[in-house]
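In: give me a model of this one.
(chains A and B)
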Amino acid sequence: MKKIRILGTNLAALAGTIVTASSSATDWPIANLKTIWPKYVHRTLNLGTPDFWEWDFGVAPSINYIILWNHNFQSTATVKLQADVHSGHWADVDLPLQYGVHWNDHVLVYFFRRPIANCLYWRVTADDSAPANPAGYLQAGYAYLGGFLQPAYSFKEKGGGVIDPSTILLSDGGQPSTNEKDAYETYDYDFSAATPADLVTLITYFKSLKKGWPFFIIEDDSYPLNVRFVRFRTDFNYRPFVAGYKSYRLEVEDAR
Amino acid sequence: MPFTPDGQRAHLIFLIDIEVCRRIDTATWTIDPINNLVWSTPCPEGIPSKVEANGTQMVDEGSRAGVQANDNSFCYIAGTPNLLYVHVLGDGEPIDEDPYLGVFHWRRYGTEVVEYSGHSYRPVLDSSSIPNVSSEIGGYHEGGTSFSFGSIKLLNGDGHFDALLDLYIWEAKRIVVRVGEKDKGDANYEIIFDGWTGNVGWGDEVVEINTEDARTMVS
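Out: Numbering: from 1, shown residues only, chains lettered A, B, ... in the order given. Alright, predicted model coming up:
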């Protein structure tokens, strides 16, 4: 059975988390990796051997998921993840994590069943120089490092839609003149029940993220690449179900 | 590919470039240890589009030695920090109003995330604010028609412009407005207005920038 996971607390986006990269092009600074616009990417100045993104959390975080969204790695790239309790020891790291990665042409996902909680420093490296990435640089649009909520009861039904925000003007005869915009998807998840503890976490997520800040949903924990980068589309409401449990609906849309 | 929408369907993107100015004659200056006529100040914005002294464009000499040898010149050297070196008329340290010094750079905004001409455009331009272009007959002494472009609005819900409007001079600066279609390349974009910024209105959520015809006398 599908078990949904909600990744609502991004430690990589916290103000106190210092993010650096192997290099940065002038118009695509590393700060873009924290912006709420996933298309507003960070770019390296050129192709390194390897390039890297590095996070200094200040205090040791608890990490289950590492996600890089909107990257441009080729399938031939060599991607590695490193974590360390010390700074600058990447050649001799305490935790060389060179396994467990899932990725496709736009998202990279690492998942650890047990959270890693003793490493202040994390780094993703990517060598995409052989054959050279035709773009001449590497990019990433948004990064997530943190834990997750897996509600005790997953959703019972999923709906959704495709929204076309294009402007269409009609002539008297009904012929359209169209100024097109990018279409995007919406997703509605109906949950029969939330435990009191899960409800508290969901309310905390919504009060923190509100309707502007994006977050990740993994619809099926068996498939890490079944991940959506979304934001809340409506306010969060819940209704009485039974014995302190609540039913609720998550209505989200693609983060763009 | 030129801008050739077929009149029935298009994915239009608007871009604006504004050449804002930061006044630097009141900045802290450091004399160069080798070139005694050359003074430097940090330039965190990166390579300037131009530098002006009392409204006259200074010459980019490309090196500190070149700046040392030429009055009214500058050079920019990237580093930590990025530094701007100048040699002002009169050979002294730039001080408040003697001369007025301004360093310019372009700030770029679009109706969505766009890369154009190697630059990234911040997606905060309100497309509904893009006004009509109109031309009107000017007075006899003005020599023809003048163009009006109304005002454009930049979304500022996140307060991005609050500090920028304080740090830079946005009024009476060059503004270029382009339109193009998505995914049709740089050559597809066409300039629809090239003039001056006018008055700037600054609200909690929107910054409104008026425009002036390029031949308007601004100071």
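In: any low-confidence regions in chain B?
Out: Residues of chain B that meet the criterion pLDDT under 70 lie in B:132-148, B:217-219.
In: tell me what residue B:114 is bridged to.
Out: residue B:121 (DSSP bridges).
In: could you pick out the residues of the stretch 101-250 of chain A near chain B for me?
Out: Counting by CB under 8 Å from any CB of the partner chain, the positions of the stretch 101-250 of chain A adjacent to chain B are A:175-182. Glycine gets a C-beta too; all of them are placed from N, C-alpha and C.
In: can you do 10 Å?
Out: A:141, A:166-168, A:175-182, A:212 (CB under 10 Å from any CB of the partner chain).
In: out of these, which end up buried?
Out: A:141, A:180-181 (16 or more other CB atoms under 10 Å in any protein chain shown).
In: burial measure for residue B:107, as a count.
Out: Here the number of neighbours of residue B:107 (other CB atoms under 10 Å in any protein chain shown) works out to 18.
In: so it belongs to a helix, correct?
Out: No: checked against DSSP: H, G, I helix; E, B strand; the rest coil, residue B:107 lies outside a helix; its state is strand.
In: how close does residue B:62 get to residue A:115?
Out: 53 Å (CB to CB, to the nearest Å).
In: mind listing the helices for chain B?
Out: B:64-69, B:160-167 (DSSP state H).
In: is it possible to export those helices to JSON lines including mean neighbour count and distance to chain A?
Out: As requested, the helices of chain B are exported to JSON lines (neighbours: other CB atoms under 10 Å in any protein chain shown; distance: least, CB to the nearest CB, whole Å):
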{"stretch": "helix B:64-69", "mean neighbour count": "18", "distance to chain A": "22"}
{"stretch": "helix B:160-167", "mean neighbour count": "13", "distance to chain A": "10"}
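In: would you mind giving those helices as TSV with distance to residue A:45 added?
Out: Output for those, formatted as TSV (distance: least, CB to CB, whole Å):
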stretch	distance to residue A:45
helix B:64-69	25
helix B:160-167	24
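In: and these: which comes nearest residue A:78?
Out: Of all those, helix B:160-167 sits nearest to residue A:78, with 36.9 Å by CB to CB.
In: mind giving me the packing neighbours of the closest one?
Out: strand B:12-23, strand B:101-110, strand B:151-155, strand B:190-202, strand B:206-212 (3 or more CB pairs under 10 Å, 6 or more residues apart in numbering or on different chains; DSSP states H and E).
In: listing partners with orientation, what would you give for the last one?
Out: Sheet pairing here is set by DSSP bridges, and for strand B:206-212 it gives strand B:151-155 (antiparallel), strand B:190-202 (antiparallel).
In: compute the inter-axis angle for that strand and strand B:12-23.
Out: 90 degrees (axes from the mean of the first three to the mean of the last three CA atoms, to 10 degrees).
In: one more: the longest one?
Out: Direction vectors for strand B:190-202 and strand B:12-23, defined by the same axes, to 10 degrees, enclose an angle of 50 degrees.
In: give the buried residues for strand B:190-202.
Out: Quick answer for strand B:190-202 (16+ other CB under 10 Å): B:192-198, B:200.
In: could you check how far residue B:48 is from chain A?
Out: Distance of residue B:48 to chain A, given as CB to the nearest CB, to the nearest Å: 13 Å.
In: so who does that residue touch?
Out: B:19, B:21-22, B:24, B:58, B:60, B:74, B:76, B:82, B:84, B:102-106 (CB atoms under 10 Å, 6 or more residues apart in numbering or on different chains).
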